[in-house]
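Student: Would you be able to build a 3D model of this:
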Amino acid sequence: MLGVSAPNEVQLPQRSDSHSAGEQPPDADSDQTALATQQQNDAEIGYLVRLWLAQTHPPAVQDLASQFESAKELFAQWDQSEVHDGHMYRRWARQDDRNGVLQLLVPVAARKDFLTRTHAGMTGGT
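Tutor: Numbering: from 1, shown residues only. Modelled structure (predicted):
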């Protein structure tokens, strides 16, 4: 598994702390920055994230020999990768969908928390 979200437009789940409508909780910026840093430092996807941020062309295939299988899978989708607000996404689209949706590449260290927070938001908490 690549550590991507379900094929829906994705935003980092917000904590359920109280705050005004449209206003992000005080630690939202630090959560966003931490996620971008985790993507770049991730053992599975970090290599490609760092390369994508630094260059416009994919690495040579032989440069991926020592990388995780998930990195090799992402390499095959280089043209579908995008960065928005410092976060790496993969554009996913059905054949009949011209625009597609963005899938956040969730680093290993953040997956459990991401899934917990995502599902808590969908069900109203656990």
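
Student: make it CA atoms for all contacts and neighbour counts henceforth
Tutor: Will do.

Student: Quick one: the helices in this protein, in order.
Tutor: 28-41, 46-54, 69-75, 108-123 (DSSP state H).

Student: for those, which one sits closest to residue 98?
Tutor: Residue 98 lies closest, by C-alpha to C-alpha, to one member of the helices of the chain: helix 69-75, at 20.6 Å.

Student: chain center to the closest one, what's the gap?
Tutor: 14 Å (C-alpha atoms, centre = their mean, to the nearest Å).

Student: Ok, stretch 92-111 next?
Tutor: How far stretch 92-111 lies from its chain's middle: 8 Å, per C-alpha atoms, centre = their mean.

Student: Next: stretch 77-94.
Tutor: 8 Å.

Student: which regions of this protein sit below the pLDDT cut-off?
Tutor: Applying pLDDT under 70 to the chain flags residues 1-29, 121-126.
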